[in-house]
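[1] this is a predicted model, with the sequence first.
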Amino acid sequence: MSTQVDLGMPTSAGQVLLADPRGYCAGVDRAVITVEKALDLYGAPVYVRKQIVHNKHVVNNLADRGAIFVEELDEVPPGSTVVFSAHGVSPAVHAQAEERGLKTIDATCPLVTKVHHEARRFAQENYRILLIGHAGHEEVEGTAGEAPEHITLVEHPDDVEHLEFPEGTRLSWLSQTTLSVDETMETVRRLRAKFPQLEDPPSDDICYATQNRQVAVKEIAKDADLVIVVGSANSSNSVRLVEVALEAGAKASYRIDDISEIDESWLDGVSTVGVTSGASVPDDLVQDVLAYLAERGIGDAKAIRTAEESLMFALPPELRRDLKAAGAPTKTR
């Protein structure tokens, strides 16, 4: 059951429905703070393999503080400090870092690490693992790298009809943590219909934050003429929020990095605007959207709360150890 919280903005001709929860999840918060504290402790530069999280504003802000983002470890000078992103890396990347003598800090989201553990366990028990996810996504590459000879990627529900395995093959499924819950469950339904022996992971792989944000956007979308999703184009969970909003009844939905990408024509004939953001988006970008809408007569904002989030993750143990040795705080916030 959703609750409505009046944000105290002046009444106007239009209304904003503000999704809650939205924005930073615990894994993103941990990853960003990891880079910030590493810079404070070790000094610049600190290298980061790939984007620490999929948001260009976060990446640019950290780069301004001295983080250097690289695609691969061969771009990192031997002996340097390198942070692995929240999306996780394969064992091969860990091995390469050790070979190059790099000091590593693993900021992989603990919920992604859980999927890695599941992949290794299923592989050790000789399962063919059907990994539901998007080809080329860093999280998928990291998970697949845990058991490459055992994994078959399934990108879409329609892919299921083309799958064939020898009789007696032990099958299990895992998923990328940032997918559409509904589409993933449809893929699983089709897999189970075709392969009755399919075994489930111990728990749903799609992370709590992804699910909560999709539930919240469904709640606002059903009453919205327009839903604006703040998030970067390479953010899987942000892209999914646009899709979920449209499926839930929004007349239109668009993803933006920031207010510079809003097309004012989107507001023509619109009286109710839903606003949300992906799990790697700082809330000041959302506040900018609210201010933009208020300036255009859509300033009556109500928060639609569908879940409470209080989860926090400890910083990576290797960073905590060094912070403690330096007498620095080891808390995330």
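    Cool, got the structure.

[2] and the residue lying farthest from the centre of the chain, helix, strand or coil?
    In the chain, the residue that sits farthest from the middle, by Cα atoms, centre = their mean, is residue 167; the gap is 36.4 Å. When classified by DSSP: H, G, I helix; E, B strand; the rest coil, residue 167 comes out as coil.

[3] that one and residue 152, how far apart?
    For residue 167, the distance to residue 152 equals 16 Å [Cβ to Cβ, to the nearest Å]. Quick note: C-beta positions are derived from backbone N, CA and C, even for glycine.

[4] ditto for residue 78
    Applying Cβ to Cβ, the value for residue 78 to residue 152 is 37 Å.

[5] of these two, who's got more company?
    More neighbours surround residue 152 than the other of residue 78 and residue 152, with 14 against 8 (other Cβ atoms under 10 Å).

[6] wait, a strand at that one?
    Yes. Judged by three-state DSSP, residue 152 forms part of a strand.

[7] quick one: it from residue 311, how far?
    Residue 152 is 31 Å from residue 311, by Cβ to Cβ.

[8] and if you look at residue 68?
    30 Å.

[9] and stretch 110-118, which residues are buried?
    Neighbour-count burial for stretch 110-118 flags 111-112, 114-116, 118 (criterion: 16 or more other Cβ atoms under 10 Å).

[10] for the stretch 201-333 of the chain, what spans make up the strands?
    Under the criterion DSSP state E, counting those that start in this stretch, strands of the stretch 201-333 of the chain are mapped to 226-230, 253-256, 272-277, 300-305.

[11] out of those strands, nearest to residue 32?
    strand 272-277 (14.6 Å; Cβ to Cβ).

[12] and that closest one, what does it pack against?
    On a contact count with 3 or more Cβ pairs under 8 Å, 6 or more residues apart in numbering; DSSP states H and E, strand 272-277 meets strand 15-20, helix 208-221, strand 226-230, helix 236-247, helix 283-295.

[13] any idea how far the fourth one is from the chain center?
    Put plainly, it is helix 236-247. Centroid separation between helix 236-247 and its chain, computed with Cα atoms, centre = their mean, to the nearest Å, is 12 Å.

[14] now the angle from it to strand 272-277?
    Orientation check (axes from the mean of the first three to the mean of the last three Cα atoms, to 10 degrees): helix 236-247 against strand 272-277 gives 160 degrees.

[15] same question, the shortest one
    Taking the same axes, to 10 degrees, one finds that strand 226-230 is oriented at 20 degrees with respect to strand 272-277.

[16] swap in the second one?
    Following the same axes, to 10 degrees, one obtains 170 degrees for the angle between helix 208-221 and strand 272-277.

[17] let me see the mean pLDDT of helix 208-221.
    Mean pLDDT, computed over helix 208-221, is 97.

[18] gap between that helix and the chain center?
    Helix 208-221 has its C-alpha centroid displaced from the chain centroid by 13 Å (Cα atoms, centre = their mean).

[19] point out where the stretch 51-200 of the chain drops to low pLDDT.
    Within the stretch 51-200 of the chain, no stretch has pLDDT under 70.

[20] what are the ranges of the helices in it?
    Listed in chain order, the helices of the stretch 51-200 of the chain (DSSP state H, counting those that start in this stretch) span 56-65, 91-99, 110-124, 138-144, 181-194.

[21] ok, and what's touching the third one?
    Defining contact as Cβ atoms under 8 Å, 6 or more residues apart in numbering, one finds that helix 110-124 is touched by 27, 86-88, 108, 129, 131, 139, 142-144, 146-147, 149-151, 172, 174-175, 177, 201-203, 205, 207-208, 313.

[22] lovely, talk soon.
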